[in-house]
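Undergrad: next one to model:
(chains A and B)
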Protein chains: 2
Amino acid sequence: MSADIKTGLQLRSLIKKNGELEISLVNVPIAEPAADEVVVRVEATPINPSDLGLLVGAADMTTAKATGTGDAPVITAKVPEAAMRAMAGRLDESMPVGNEGAGVVVKTGSAEASKALLGKTVAMIGGAMYAQYRTIRASECLVLPAGITAAEGASCFVNPLTSLGMVETMRREGHKALVHTAAASNLGQMLNKICLKDGIGLVNIVRNPQQAEILRKIGAKYVVDSTSPTFMTDLTHAIAETGATLGFDAIGGGKLAGQILTCMEAAANRNAKVYSRYGSNVHKQVYIYGGLDTGPTELVRTFGMTWGLGGWLLFPFLQKIGPADAMRLRQRVVDELKTTFASHYTQVVSLQEALQPSHIAVYGKRSTGEKYLINPNKR
Amino acid sequence: MSADIKTGLQLRSLIKKNGELEISLVNVPIAEPAADEVVVRVEATPINPSDLGLLVGAADMTTAKATGTGDAPVITAKVPEAAMRAMAGRLDESMPVGNEGAGVVVKTGSAEASKALLGKTVAMIGGAMYAQYRTIRASECLVLPAGITAAEGASCFVNPLTSLGMVETMRREGHKALVHTAAASNLGQMLNKICLKDGIGLVNIVRNPQQAEILRKIGAKYVVDSTSPTFMTDLTHAIAETGATLGFDAIGGGKLAGQILTCMEAAANRNAKVYSRYGSNVHKQVYIYGGLDTGPTELVRTFGMTWGLGGWLLFPFLQKIGPADAMRLRQRVVDELKTTFASHYTQVVSLQEALQPSHIAVYGKRSTGEKYLINPNKR
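TA: As a prediction, the model looks like this:
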């Protein structure tokens, strides 16, 4: 970073009390690094579904309008009245966005550990990554091995650690196989690679034949389509074959989480000898970790009384398992960054391009197979 | 039991493959007691909501018809087509009913422990209590203290241990106060007495002012009415005051379980300093332990990601805590049988009367305040 660069662009998302979302680029001062900090020039930062929640909030993006100029674009959209209560905590607060990213260390604090990073390509997590520069503690930087680019390392944390976290949760809670929804996603593909490598049964639930094909091509054995008329039978069969009693659901709304529990119960009862009106004594668990469908979750409780449903989030999970185990998972990500944990992007855009309505229309849909990477220093 | 009595009436519930429910009284041989068993003349056995699930299953009791004779009544009713799948495990199997009861030991096996019970009034759990006689292991009998009648001891297990189990679960899972629904029930009143005695915050959710009045009369401090226009505000306020982060829901269907989680989250966020779109990091848990509403559970997920919902059942819970702790809870029930754990019945009926449509219409509604006791030896 040449000495004369004191500011950089940062993407901001603001929801006003009047129900208007405003996304814009703001020129902000680059925070001087403290002794234990470094300044990273961000070169790659993905748009994950988990980023969209903060980026667009509860706004209805079909109402989005572009204003501002080409260099300083502004997007506005309306948040429906009914959704404003859920936004109460962030009203009138201009918020930076972007969970993870990677880039080059261009300036450092005085500590040796900080200085050692100068010029290195590092991966980061911690928010505010949709920015040209990010000041961050050196200890929070993951140095990427030689030969790994910022683009290759930009998605080092969220999807890799989430998919590893699912397998780790399975082992810790005494299950032996998994069910996963929206299974053809980047994360879902990683989960397949992990399960194939580790010999774990995985039942993939997708929503169309194209997604099924994506997974079969990478070797997935159990793929069921929730839009098929034989879905419930197919799912029960795959669950019985694998012995899956734990599911991770990215969708959240609708009937799917309950259908998974129902099919787990049906599989458990296949060999039941005694009738119990409370259902089997096999514990069946589904964790909702995303909200691709933000509508209500509907449980038709035909799965007995031995079940659980809950929220699952990466960071509380990492805290629960503690730093040693968290580091073990992180190390596996680095070791397998070009294989198991490789991410594929369909578009690389600048900050300005990320605010073009035509792009928002694509990444805002959260479609499987569409994955954006922002390069905030793209010219 | 005089030597010539070899048989006794037993109530049976049968759901046929053609979708017909048949409830009848069958004259069955009284099983000879093995060395470690006794025969109990059942004099009191309650109709709990948990019994109705087996007694009427998924049948639509508005279609009930009485046939048979006065001494041998038969009730038939139709099970809706859509509900038959859930009945698959019990089709064409004539099932005895009645979880718990009390009576007098009239015959014993040869073991000393069995012989010691002759003539004693005992409480029992284990099914098939809607019968004139029940052969059971001596070790499973709870001898009632002098001065306690069979009617007073008939509900020794299900409601008392369930309400104690809720408080025990609260302590074990690190919560400090409780929310309870259908709170004016017999069980709910017991829970109030326990919480008042033990100094535990309890938020009672009821469905009308009469139920609220029942609870206020026994000293309940927090009573909120789910039919009030200010329900969500009232519930949030009561949760904030008590610090309740654990709920037990007897209703199951509808929006209530989700509303409890939403109000817990709102209470947790009252003092939040930082916005997190994943919600508070306070763990909020609701257990569904009944199904007064058998319709779908609808969760409007406005309560962040740190939450759990699940089934809760007494017997798996008792197994989990182990025999020593289970015995401690059981002893407390006996010690406080005339106070904390006193049950109140609105009707005492014979087996034949229990099969009269006019009575079924009342107890089948599972109404708060209506509680039936069967005396199978009533003349």
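
Undergrad: in its sheet, what does the strand or helix carrying A:Val106 sit against?
TA: Using DSSP states H and E, A:Val106 sits within strand A:100-108. Each strand paired with strand A:100-108, and its direction, by DSSP bridges: strand A:37-46 (antiparallel), strand A:121-125 (antiparallel).

Undergrad: for the helix or strand just after the shortest one, list the C-alpha coordinates in CSV.
TA: Okay, so that is strand A:121-125. Counting by DSSP H and E, the element after strand A:121-125 in chain order, helix or strand, is strand A:133-137. The C-alpha coordinates for strand A:133-137 follow below in CSV (Å, rounded to 0.1, in the frame of the first residue of the first chain):
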residue,chain,number,x,y,z
TYR,A,133,-8.9,-2.8,2.8
ARG,A,134,-9.5,-4.7,6.0
THR,A,135,-7.5,-4.1,9.2
ILE,A,136,-7.5,-7.3,11.3
ARG,A,137,-5.5,-9.0,14.0
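
Undergrad: report all helices and strands that strand A:133-137 contacts.
TA: Other helices and strands packing on strand A:133-137, by 3 or more CB pairs under 8 Å, 6 or more residues apart in numbering or on different chains; DSSP states H and E, are strand A:37-46, strand A:100-108. Glycine gets a C-beta too; all of them are placed from N, C-alpha and C.

Undergrad: want to try TSV for the ones you listed, with mean pLDDT as columns?
TA: Formatted as TSV, the helices and strands packed on strand A:133-137 follow (pLDDT from 0 to 100):
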stretch	mean pLDDT
strand A:37-46	98
strand A:100-108	97
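
Undergrad: ranking these by burial, who's on top?
TA: strand A:37-46 (a mean of 26; mean count of other CB atoms under 10 Å in any protein chain shown).

Undergrad: what's the offset of that strand from the middle of its chain?
TA: Centroid displacement of strand A:37-46 relative to its chain, using CA atoms, centre = their mean, to the nearest Å, is 19 Å.

Undergrad: likewise stretch A:360-377?
TA: Distance, centroid of stretch A:360-377 to centroid of chain: 13 Å (CA atoms, centre = their mean).

Undergrad: ok now the strand holding A:Val106, how far from the chain's centre?
TA: 21 Å.

Undergrad: now the angle from it to strand A:133-137?
TA: 80 degrees (axes from the mean of the first three to the mean of the last three CA atoms, to 10 degrees).

Undergrad: where does chain A dip in pLDDT?
TA: A:1-4, A:368 (pLDDT under 70).

Undergrad: show me where it has helices.
TA: A:49-55, A:112-115, A:150-153, A:158-172, A:186-198, A:209-217, A:231-242, A:256-269, A:314-321, A:323-335, A:351-354, A:357-363 (DSSP state H).

Undergrad: who's in contact with A:Lys284?
TA: A:Thr245, A:Leu261, A:Met264, A:Glu265, A:Ala268, A:Phe303, A:Thr306, A:Trp307, A:Gly308 (CB atoms under 8 Å, 6 or more residues apart in numbering or on different chains).

Undergrad: please repeat the previous calculation with a cut-off of 7 Å.
TA: A:Thr245, A:Leu261, A:Met264, A:Glu265, A:Phe303, A:Thr306, A:Trp307 (CB atoms under 7 Å, 6 or more residues apart in numbering or on different chains).
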